[in-house]
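*Asks:* got a sequence here, can you model it:
(chains A and B)
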Amino acid sequence: MGLITSVRGFKDILPDETGRWRHVENTARRIFSSFGLREIRIPILEKTELFSRGIGDTTDIVEKEMYTFEDRGGDSLTLRPEATASIVRAYLEHHLHQHETVSKFYTMGPMFRRERPQKGRYRQFHQINVEIFGSADPRTDAELLLMLVLFLGELGLPGLQLEINSLGCPACRPVFKERVIAFLDAGRDDLCADCRRRLDTNPLRVFDCKNEGCRRLVVKAPVILDSLCDECAAHFADLKRYLEALDVPFVVNGGMVRGLDYYRRTAFEVTTTALGAQNAVAGGGRYDGLTEQLGGPDIPGIGFAIGVERLISLLPADEDFAERPLLYIAALGNEAADFAYLLSCSLKKHGIRTEMDFDDRGLKSRMKRADKLGCRFTLIIGDDELARKEAPLRDMIEGGQRTVTLTDPAELALELGRYAANELPAARHGNNNDNQ
RNA sequence: GUGGGUGUAGCUCAGUUGGUUAGAGUGCCGGGUUGUGGCCCCGGAGGUCGAGGGUUCAAAUCCCUUCACUCACCCCA
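*Replies:* Next comes the predicted model:
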């Protein structure tokens, strides 16, 4: 076919779906706002260096899986693969840390990764991000998690579970890492080929392997929680205490790791039993070293990201987010149609969503249209109604009809609003042979 | 990047060992009441069978190439 299609891995979000998106976004705004977060909007394009320095150019993440290209000026630019680095950049660039000791941000929008598309992983995908700077206090961690769980619960997601872990800090994590590597290396023969490679590139990833042999080995491996320094252990203990006090259910998952080095202490994921292997809905953690790594002062930070596509796929299916017209005007004949057209525009100016069609068809076809559009009311205007300046208004839900006058659009708009809100008595039934 | 699966009507899919005019459901349009929707009944429109090439008297069907979609692997910020 000769049609131009969208770019691979990029998806249109059609009007039938956008209602769900807005519901998610509005809910996020409302809840985040009550926790004192403020919205920040950042560019989708950044200098590649921001991500390579933030994420660490150790792996092929940077080289292979980012949307990177060269600008005409010769700069290497990258479509943001995540939001945290950009938010940190904006935070430092505008010296926001000098305006307030604690800054709380949220943002939402598209991210880009040049991976092969698969279920729930597109090249353009969407995240809701939250970042809090300036507090290393475990109460901040707990409050953040409370907010996250509240948000997901508010959306009605089933089977949610919060998993937490501590990843230690530069004082204790390297020690642990050494011990793990030594342990895994000793059992190298039991590892799968992938994990033997990971041992050199990213040893902690072995914990995520699904392979039988690897799993058996991993369960006997040293646990980070046993290796925490006193400060990290205290932080984690406080976090758990506050979560309990806040009635936020959680489980400790000592095997949860993060690939990136800048993560410190608290790491968490929210999973759902409603999905298969890819069950993480949200994830995040504390990244106290990141601001310094990006050239700023040492400011503690913690945040999370929520995958919106996955979230939306989990929304209860029976919820209906469609926005329906309030009124359909069925006009019969040219004169009536002209009058109806002007009336419909007047009503729209008064905030009444009104639909009509311009092609000349029978009333039955009009009624079907009104039904199809899900209109609450249908106003029927023919020559008689035009002459009398009053017309039958049919309630498409209850089936009854009442007579309304057509002389004053403003008055009619008010009347329709009141009918819709059921502030006026129900319409009479039996105007026609329709209510058996 | 590697491997598997699938491409037929707007959508979901049938289509036999290659054989005449490619089907169903749903949706769309119309009729069943010359002015009353939903349920039901009837009718209609709608397809370069993803694209290109090959084999054959004959290809949606077999072969090759390519593209797209999809699932998994790798990786996961």
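*Asks:* quick one: mean pLDDT for stretch A:142-162?
*Replies:* For stretch A:142-162, the mean per-residue pLDDT is 91.
*Asks:* in that stretch, what counts as buried?
*Replies:* For stretch A:142-162, a neighbour-count test (16 or more other C-beta atoms under 10 Å) marks A:142-152, A:155, A:157, A:160-162 as buried. Bear in mind the C-beta positions are built from the backbone N, C-alpha and C, glycine included.
*Asks:* gap between that stretch and the chain center?
*Replies:* With C-alpha atoms, centre = their mean, to the nearest Å as the basis, stretch A:142-162 stands 13 Å off its chain's centre.
*Asks:* run the contact check for it versus RNA strand B.
*Replies:* No: Stretch A:142-162 stays clear of RNA strand B (C-beta under 7 Å from any atom of the strand), getting no nearer than 14.7 Å.
*Asks:* hey, C-alpha coordinates of stretch A:21-31 in CSV?
*Replies:* Only the C-alpha atoms of stretch A:21-31 are listed here, as CSV (Å, rounded to 0.1, in the frame of the first residue of the first chain):
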residue,chain,number,x,y,z
TRP,A,21,-5.0,8.5,29.7
ARG,A,22,-6.5,11.7,31.0
HIS,A,23,-8.0,9.8,33.9
VAL,A,24,-4.6,8.5,34.8
GLU,A,25,-3.0,11.9,34.4
ASN,A,26,-5.6,13.8,36.2
THR,A,27,-5.5,11.4,39.1
ALA,A,28,-1.8,11.7,39.3
ARG,A,29,-1.9,15.5,39.3
ARG,A,30,-4.6,15.6,42.0
ILE,A,31,-2.8,13.2,44.4
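*Asks:* what about the longest helix seen in chain A, distance to the chain center?
*Replies:* With secondary structure taken from DSSP state H, chain A has its longest helix at helix A:15-34. When distances are taken as C-alpha atoms, centre = their mean, helix A:15-34 is centred 8 Å away from the chain's centroid.
*Asks:* mind checking how far the host helix or strand of residue A:283 is from the chain centre?
*Replies:* Taking DSSP states H and E as the criterion, the element that holds residue A:283 is strand A:280-286. Taking the mean of its C-alpha atoms, strand A:280-286 sits 13 Å from the chain's own mean (C-alpha atoms, centre = their mean).
*Asks:* check which helices and strands the very next helix or strand once past it sits against.
*Replies:* Next along the chain after strand A:280-286, taking DSSP H and E as the criterion, comes helix A:290-293. With contacts taken as 3 or more C-beta pairs under 8 Å, 6 or more residues apart in numbering; DSSP states H and E, helix A:290-293 sits against helix A:48-55, helix A:84-93.
*Asks:* can I get the ones you listed in TSV including distance to residue A:298 and mean pLDDT?
*Replies:* Output for the helices and strands packed on helix A:290-293, formatted as TSV (distance: least, C-beta to C-beta, whole Å; pLDDT from 0 to 100):
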stretch	distance to residue A:298	mean pLDDT
helix A:48-55	15	83
helix A:84-93	11	95
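*Asks:* most tightly packed of those?
*Replies:* Comparing these by mean neighbour count (mean count of other C-beta atoms under 10 Å), helix A:84-93 ranks first with a mean of 21.
*Asks:* what angle do it and strand A:280-286 make?
*Replies:* Counting by axes from the mean of the first three to the mean of the last three C-alpha atoms, to 10 degrees, helix A:84-93 lies at 40 degrees to strand A:280-286.
*Asks:* what's the helix or strand for residue A:72?
*Replies:* Assigned by DSSP H and E, residue A:72 falls within no helix or strand.
*Asks:* ok, residue A:302 next?
*Replies:* Assessed by DSSP H and E, residue A:302 sits inside strand A:301-307.
*Asks:* pull the distance from that strand to the chain's centre.
*Replies:* Here strand A:301-307 is found 12 Å from its chain centre; the criterion is C-alpha atoms, centre = their mean.
*Asks:* next SSE downstream of that strand?
*Replies:* Assigned by DSSP H and E, the successor of strand A:301-307 is helix A:308-314.
*Asks:* what pairs with the following helix or strand past that next one, parallel or antiparallel?
*Replies:* Per DSSP H and E, helix A:308-314 leads on to strand A:327-331 as the next helix or strand towards the C-terminus. In the sheet, strand A:327-331 lines up against strand A:354-355 (parallel), strand A:377-381 (parallel) (DSSP bridges).
*Asks:* next one: the most far-flung residue of chain A relative to its centre relative to RNA strand B, how far apart?
*Replies:* Distance from the C-alpha centroid of chain A peaks at residue A:387, with 53.1 Å (C-alpha atoms, centre = their mean). Distance from residue A:387 to RNA strand B, counting by C-beta to the nearest atom of the strand, to the nearest Å: 9 Å.
*Asks:* helix, strand or coil for that residue?
*Replies:* Classification of residue A:387 by DSSP: H, G, I helix; E, B strand; the rest coil places it in helix.
*Asks:* include distance to RNA strand B and mean pLDDT when you put the strands paired with strand A:327-331 into JSON lines, please.
*Replies:* Listed next are the strands paired with strand A:327-331 as JSON lines, based on distance: least, C-beta to the nearest atom of the strand, whole Å; pLDDT from 0 to 100:
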{"stretch": "strand A:354-355", "distance to RNA strand B": "13", "mean pLDDT": "94"}
{"stretch": "strand A:377-381", "distance to RNA strand B": "4", "mean pLDDT": "95"}
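*Asks:* any stretches of the stretch 101-250 of chain A with poor pLDDT?
*Replies:* For the stretch 101-250 of chain A, applying pLDDT under 70 flags the ranges A:210-211.
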